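Novice: Provide a 3D model corresponding to the input given below.
(one chain, ligands or ions: 1)
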Amino acid sequence: MNNLDKLISQFEKFPGVGARQAKRFAFHVLTMNEADSKELSRLVGELKGSVVECSSCHRYFSTVTNEAMCSICTSSTRNHQKLLVVAQDSDIQAIERAGVYDGLYFVFGGTLPLLNAKDNNKLRGSALKATVEKRLEEGLSEVTLGFAVNPDGENTARFVESIIGETLKEKGVSVTYLGRGLSTGSELEYADAETIKNAFQNRQTQ
Ligand SMILES: [Zn+2]
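Specialist: Purely as a prediction, here's the structure:
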């Protein structure tokens, strides 16, 4: 396999990218000017060392000193009694931009497709359970599930409940749903600040 074919097969591994699109990406790289292609290869090469996964919330963050936890998890001004479970990193970015939430996060690692319920090996079920148990010792008072209002999002929320629901109920910790404050089909990642603000204000317990 030549380098072009190898690059195509790397692009094919990207989420949502098919064979044809992978080819277009690879040919685009071929036509890039030298500065851009050098910058792209530098960024890809250095990314893993400079961006790491937070050991607590599992979001990716930039680091120069190789610390284990991100600035949100270690912040003393955040409310450590609140935990918001989201599907992916980009949901956190949208919520932080809206500036309406002061608690901690947990990145679940994706959603559980309604029609392929066995496809949960990338999801952080056991890590979430461990995080919740640790947070309970530190006074956890509310867990919010922030998944999209669509069948996969609802299915993921049910899956999360099956993992931590009982423990939270025993401890009297309320579970709220951010999705019910969003309109049907909305995804946090693409929601504007006002929509996210409303979602928090209207979050419901069932
Ligand atoms: Zn973190």
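Novice: OK, contacts around residue 134?
Specialist: Listed by C-beta atoms under 8 Å, 6 or more residues apart in numbering, the contact set of residue 134 is empty. Any C-beta I mention is one placed from the backbone N, CA and C, and that applies to glycine too.
Novice: Use 35 as the first number for this chain going forward.
Specialist: All set: I'll call the first residue 35, so the last point we hit is now residue 168.
Novice: Kindly indicate whether it is helix, strand or coil.
Specialist: Three-state assignment for residue 168 (DSSP: H, G, I helix; E, B strand; the rest coil): helix.
Novice: Find me the pLDDT at it, would you?
Specialist: For residue 168, the pLDDT comes out at 93.
Novice: and what of residue 180?
Specialist: We have a pLDDT of 93 for residue 180.
Novice: Could you check how far the most centrally placed residue in the chain is from residue 64?
Specialist: Most central in the chain under C-alpha atoms, centre = their mean is residue 122, positioned 1.5 Å from the mean C-alpha point. Plainly put, residue 122 is 31 Å away from residue 64 if you go by C-beta to C-beta, to the nearest Å.
Novice: Residue 97 now?
Specialist: 33 Å.
Novice: So the two - more neighbours on which side?
Specialist: Taking other C-beta atoms under 10 Å, residue 97 and residue 64 do not tie; residue 97 has more neighbours (16 against 10).
Novice: Would you mind measuring from that one to residue 105?
Specialist: The separation that residue 97 has from residue 105, given C-beta to C-beta, amounts to 10 Å.
Novice: what do you get for residue 178?
Specialist: 20 Å.
Novice: Of the two, which one has the most company?
Specialist: residue 178 (21 against 12).
Novice: Residue 190: what's it in contact with?
Specialist: By C-beta under 8 Å, 6+ apart, the neighbours of residue 190 are 121, 142, 145, 146, 157, 181.
Novice: Would you point out the most distant pair within those residues?
Specialist: The span of the contacts of residue 190, defined through C-beta to C-beta, is set by 157 and 181 at 11.6 Å.
Novice: Mind checking which of the two has more residues around it?
Specialist: Per other C-beta under 10 Å, whichever of residue 157 and residue 181 has more neighbours is residue 181, with 27 against 19.
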